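Enquirer: Structure of the sequence below:
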Amino acid sequence: MTEFKTPFAAPGRGMRQKWLLLPWFVCMSAMQGCGMAPFLDSSLPALPVPSSYPQDTGASSVAAAPDIAWAQAVPDPRLHKLMTLALENNRDLRIAALRVEEARAAWGIQRADLFPTIGASANGNRARTPGDINLSGRSMLTSQYQVGVGLDQWELDLWGRVRSLNEAALQSYFSADEMRRAATLSLFNQVAQGWLGLLELEERLALARTEVVSRAETLRIFTRRFEVGSASRFDLEQVRVLSTQADALLAQLEQLRAQQANGLALLAGVSIDDMLQGDMLPGLNAVSVAEVGASLPSELLTARPDILAAERDLFAAQANVAAARAAFFPRIALTGSIGTASAELSGLFSSGSRAWTWAPSISVPIFTAGRLQAGLDAAKMREAAALANYEKTIQGAFRDVADALAARQWLTRQLQVQEEALTGQRERARLAKLRYDAGSSTFLEVLDAERDLLNAEQQRVQTQRALLSARLAVFSALGGGARALESVE
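Expert: As a prediction, the model looks like this:
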C-alpha cells in the first residue's frame, strides 16, 4: 500500500477522530510557508579597492563600456565573422554552457524537496499457510489486494532548512550562468587580441619581405662590383650577412604568423586561411578600437560577470550556513496513504474496502557527536572563503582596469616617440647611402643604418599593435559588451 499523508477517515467513530487531524495538517502546511526564513545577508562588504583608478586619461565614449557591443568596439566585418564562428564552435564556451544546464538540473532536484512526492501503487499477495503452524490445524489459503496513492517523508520546512538548500542551489545556478557570460566576453577578447596579433604579423611580414628583396638586390649589385674589382671582399661579405639576417627574420615571422593563425583556429574552430579565402588583411592603421573612459570602480560590481558570479557564490555559501543552522532544530515529516484493500480481487473497489495510514514523525537531534556543529563550522568557513574570493575578484578586476589604463597612456607616448625615431632612422639611412656613394664613409655605416631602420620599423608596428591591444584591454576590463551580450548571442 502506498503512502499519502492527507488524513482520510474510515466510517464510524474512527472517521470522526481522524478528521480532527485535518486542521492540524493544514496548519502545519501553512507554517511551512511562514516559518523561519533562510538567512541571507544581502549586504556586501565595502570595496577593498581605492575609490578611483590611477592614470585615467579621461577618454570618453557615447555609452559606457558594458553597453557597447563588441561589434561596435572593433568595427571589422572579418573579425565579427570570426567571433560568430567562435560562438558556434568554441569548445570552452560549450563546456561553460553545459555547466549552466547541469547547475539548473541540480537546482531542479533540490527544488523538488519543497513539494510532496505523490505516487500510486497496486499490489497483490496470495499465500498458503500449512496446518502444522496454524492454530486451526488446517492449511489456509489467504489473499490480499491493495491499490492506493500516497507520499513518503515530506518534511515540514518550519526552520527553512529545505528552502535554504534550494536557495543555495539557485544561487549556484546563477553563478554558473554568470561564468558562462564571463567566458563569452573572454572569448571575444581573446579572438580580438588574436586578430590584432595576426594583423601585426602580416604587417611585419610585409616589411620583412620588402627588406629581403631590397637586400637581395644589394647583394647582387655588390657581387657584380666584386667581380669587376670595384668592391672589396669585406664589403661583399657584410652585404651577404645583412641579407642573411633579413632572411632569418622573415622565417621567424612566418613561424609566428602560423602559430598565431593556429591559435585563432583553435578559438574559432575553423582555419583562418580558409575563412579569409585570400582576402587582403587590413593594416593596423585601418583598425579602430572604441576609446572608453574609466567609470567608478563600484560600477564593476554590476558590469563584470566574473564579479557577479563570485557574488552569487557568496550568497550560496550564506544559504548553506542557514541550512546548517536549521539542522539543529527538530525535523517533522509526514507519511501517509489512502486506497482500497480486499481479500478478493473482485471486492477491491466495493463498499467498505477503503484503507488508509497516517504516520507523522518528529526527530530531535540530542547527541550527534559534534556532527551538526562541525557541519555548521564547515559551512561558515566556506562562507568566509567565498567572501575572500569575492573581494579577490574585485581587486583583480580593479588591477585589470588600472593596468590597461596605464598601458594605454604610456603606449600612446611610446608610439609618438617611435614615430619620431623612425623618421630619423629613415633619414640616417638615406644619408649614409649618399656618404658611401660619395666615398666619404665605409659601407659598415650603411649596414648599421639599414639594420637600425629595419628594427625601428618592426618596433613601431609592435608598439602600434600593443596600443590597440591596450585599448581593447580597457574596454574588456570595464566589462565591455556585458549588457549588450544578449543581442550578440
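Enquirer: quick check: longest strand of the protein.
Expert: strand 140-156 (DSSP state E).
Enquirer: other SSEs contacting that strand?
Expert: helix 21-34, strand 118-129, strand 331-342, strand 354-358 (3 or more CB pairs under 8 Å, 6 or more residues apart in numbering; DSSP states H and E). (Glycine included, C-beta is placed from N, CA and C.)
Enquirer: what sits against Ala404?
Expert: Taking CB atoms under 8 Å, 6 or more residues apart in numbering, we find Ala404 in contact with Ala470, Ala473, Val474, Ser476, Ala477.
Enquirer: And for Ala46?
Expert: Not one residue lies near Ala46 by CB under 8 Å, 6+ apart.
Enquirer: what kind of secondary structure is it in?
Expert: Following DSSP: H, G, I helix; E, B strand; the rest coil, Ala46 is assigned to coil.
Enquirer: Next up, the contacts around the spatially most central residue of the chain.
Expert: Closest to where the C-alpha atoms of the chain average out (CA atoms, centre = their mean) is Met179, at 2.9 Å. Residues in contact with Met179 (CB under 8 Å, 6+ apart) are Ala96, Arg99, Val100, Pro305, Asp306, Ala309.
Enquirer: how about 6 Å then?
Expert: Shown in contact with Met179 (CB atoms under 6 Å, 6 or more residues apart in numbering): Ala309.
Enquirer: What of the one 10 residues further on?
Expert: Counting by CB under 6 Å, 6+ apart, Asn189 touches Ser476.
Enquirer: swap the cut-off to 7 Å and go again
Expert: Leu472, Ser476 (CB atoms under 7 Å, 6 or more residues apart in numbering).
Enquirer: Check Ser353 too.
Expert: Contacts of Ser353 (CB under 7 Å, 6+ apart): Thr340, Ala341, Ser342, Gly347.
Enquirer: Phi and psi next, for the residue lying closest to the first one once chain neighbours are set aside.
Expert: This means Thr340. Once flanking residues are discounted, Thr340 sits nearest to Ser353: 4.3 Å by CB to CB, 6 or more residues apart in numbering. The phi/psi pair for Ser353 (degrees, to the nearest 10) reads phi -100, psi 10.
Enquirer: distance of Ser353 from Val149?
Expert: Using CB to CB, to the nearest Å, Ser353 is found at 15 Å from Val149.
Enquirer: and Leu205, what does it touch?
Expert: Leu205 touches Leu253, Glu254, Arg257, counting by CB under 7 Å, 6+ apart.
Enquirer: change it to 10 Å
Expert: Leu249, Leu250, Leu253, Glu254, Leu256, Arg257 (CB atoms under 10 Å, 6 or more residues apart in numbering).
Enquirer: With Thr117 instead?
Expert: Glu3, Gly150, Leu151, Asp152, Gln153, Trp154.
Enquirer: Report the separation between it and Thr340.
Expert: 21 Å.
Enquirer: picking up where we left off before, could you check which helix or strand contains the residue nearest to the centre of the chain?
Expert: Met179 is located in helix 161-228, with elements delineated by DSSP states H and E.
Enquirer: Run through the neighbouring helices and strands of the helix or strand Arg78 falls within.
Expert: Assigned by DSSP H and E, Arg78 belongs to helix 77-89. Contacts defined by 3 or more CB pairs under 10 Å, 6 or more residues apart in numbering; DSSP states H and E place helix 77-89 against helix 70-73, helix 91-111, helix 161-228, helix 233-268, helix 272-276, helix 485-488.
Enquirer: Please identify which of the ones you listed is closest to Leu79.
Expert: helix 161-228 (5.0 Å; CB to CB).
Enquirer: Hmm, Arg94 and Glu88 touching each other?
Expert: Yes. Glu88 is within contact range of Arg94, at 9.4 Å (criterion: CB atoms under 10 Å).
Enquirer: where do the contact lists of the two overlap?
Expert: Gly269.
Enquirer: buried residues in stretch 316-330?
Expert: Within stretch 316-330, the residues that qualify as buried are Ala316, Ala317, Gln318, Ala319, Asn320, Val321, Ala322, Ala323, Ala324, Arg325, Ala326, Ala327, counting by 16 or more other CB atoms under 10 Å.
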